[in-house]
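J.: Structure, please.
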Amino acid sequence: MKQKFVNPLKNFTDLFEKMISGRLWLKVLLALVLGVIAGILLGPDLGLFSEGAVKNITSWLALPGQVFLAIIQMIVVPLVIASIVLGLAANNNPSAMKKNGIIALLFILISTGVAAVIGIFLALNIQPGSFVDASSLMDSGVGQTANIVAKGFPDVAELPSKVSGLIPKNPLASMASGEMLQVILFAAVLGAALLSIPAVQSKPLFDLLTALQEVSLRIVSWAMLLAPVAVFGLIAKLVANLGIEVLGGIAIYVLTVVLGLFIVGCLYFAVAKVTSGQPLKQFFMNVRELLLLAFSTSSSAAVMPISLNVVEEKLKVKPEIARFLIPLGATINMTGTAMYQGVATVFLAQVFNVDLSLSSYLFIVTMAVAASIGSPATPGAGIIILSMVLEGVGIPAAGIAIILGVDRILDMCRTSINVLGDVVACTTVQYFSSKDIDTATATPEKSIS
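T.: The predicted model follows:
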């Protein structure tokens, strides 16, 4: 009798496919690891390929990632408008809406301030600036690079015009240019106006926006099929262009920022344990795909549709809360960015031997909170906002050049924390809102004598 040949490689492949089937987070994680390996093989450290060849290869590898981001960015604006208007419509109680907004704003301000303080505290105790020699940074080339980055920030006299400029004079232009805060304000005004007119007149537009939201989410689900390949290409290109040596040069600074982000993340998970109503393990499993994608794309706006889906479907947050806070949080809730700016400012002060007073630290916290709230939800925004903070405490603008090389990898890390903060903001607002409802509906029983 002939013995049937068993192919161990095929068995392993079948088992592997079965293991990762339907588990997007695992596919993304594997793509992340493989992308790092591919980037090291292609990078300048091993020297296996010429610079031109690496540029061509990584450009093609990154194509799926660019297509993925383009699809998400294409659909973000209509999804945000539909979500905010429908979120306002779902909650036609003005007092509840106002209370939710106040809770969300307080949570964002407090968490962002605490994150900035954590960054300053870590930088003061670890002293990462003492490991870097800044003597070679003041040459003309580096100084020009940093000065270009630092240009263009408004002074105090221009703030009133900047505030009035938040109201979009041309909503279509704001949508085309991706100015998300203006788009959110337009959607909020549109939603409030629709609520103020008779339901018979507003119903057709609400039906249209409901269909628009469903179509947008379907397009996002199609884009998610590209996610693992997109992550592989983007990470491979990043590592190949960055190189291991750049990371090693200021490793203590990088580790300080990562440690600070880890602490902020742990605080968020502690809050989520109380406010989400789920065990910590289950909460982590619900958000892990979202955090991996946020890490890979470095953009809170790019993962906004996925954030909405996770918050509503997996965390069971009410639509009226989720659909308003997720777009708003992606625009103004930048806790990871605030923590990073606290570390980076103190780090550069140590590098250039700039003595910071107590008022300087207060200024850093205040500006880190304000700048983070005004920071666009796009990759690389933190490094530009940082230069405004540096100018305020007298640190040379050339210092930005020290951290430019590693900012991309840190931007990925802090984006994950920013997105986690958006999710926890939703669970926190729902937690306190439900507490208020329970208190209001609970009436003491009267004893019958």
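J.: For the rest of this, base every contact and every neighbour count on C-alpha atoms.
T.: Will do.
J.: ok, and what's touching stretch 60-70?
T.: With Cα atoms under 8 Å, 6 or more residues apart in numbering as the test, stretch 60-70 has contacts from 223-224, 226-227, 229-234, 236-237, 297, 302.
J.: Please convert the residues you listed to JSON lines, extending it with neighbour count.
T.: Output for the contacts of stretch 60-70, formatted as JSON lines (neighbours: other Cα atoms under 10 Å):
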{"residue": "223", "neighbour count": "17"}
{"residue": "224", "neighbour count": "18"}
{"residue": "226", "neighbour count": "15"}
{"residue": "227", "neighbour count": "23"}
{"residue": "229", "neighbour count": "21"}
{"residue": "230", "neighbour count": "29"}
{"residue": "231", "neighbour count": "31"}
{"residue": "232", "neighbour count": "28"}
{"residue": "233", "neighbour count": "27"}
{"residue": "234", "neighbour count": "25"}
{"residue": "236", "neighbour count": "30"}
{"residue": "237", "neighbour count": "26"}
{"residue": "297", "neighbour count": "27"}
{"residue": "302", "neighbour count": "25"}
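J.: out of those residues, which one sits closest to residue 174?
T.: The closest of those to residue 174 turns out to be residue 302 (Cα to Cα; 16.9 Å).
J.: Helix, strand, or coil at the closest one?
T.: Put simply, residue 302 is coil when judged by DSSP: H, G, I helix; E, B strand; the rest coil.
J.: my guess is it meets residue 75, correct?
T.: No. With contact defined as Cα atoms under 8 Å, residue 302 does not count as touching residue 75 (9.4 Å).
J.: so what's residue 217 up against?
T.: 79, 305.
J.: and it, what element?
T.: helix 199-223 (DSSP states H and E).
J.: tell me the contacts of residue 311?
T.: 317, 322, 423, 426.
J.: wait, the last one sits on residue 325?
T.: Yes. With the criterion set as Cα under 8 Å, residue 426 and residue 325 qualify as a contacting pair; they are 6.4 Å apart.
J.: Overlap in contacts, those two.
T.: residue 104.
J.: one step back: overlap in contacts, residue 302 and residue 75.
T.: In contact with both residue 302 and residue 75: no residue, using Cα under 8 Å, 6+ apart.
J.: So residue 44: helix, strand or coil?
T.: coil.
J.: Same question for residue 354.
T.: Assignment for residue 354 (three-state DSSP): coil.
J.: And it, how close does it get to residue 169?
T.: Residue 354 sits 43 Å away from residue 169, going by Cα to Cα, to the nearest Å.
J.: what's the answer for residue 281, then?
T.: Taken as Cα to Cα, the span from residue 281 to residue 169 is 46 Å.
J.: which element is residue 316 on?
T.: Residue 316 belongs to no helix or strand, assigned by DSSP H and E.
J.: Could I get the phi/psi values of it?
T.: Main-chain dihedrals, residue 316, degrees, to the nearest 10: phi 60, psi 40.
J.: Number of residues surrounding it?
T.: 15 (other Cα atoms under 10 Å).
J.: ok, it to residue 38 distance?
T.: With Cα to Cα as the criterion, residue 316 and residue 38 are 39 Å apart.
J.: Grab the longest helix from this protein for me.
T.: Determined from DSSP state H, the single longest helix within the chain is helix 400-441.
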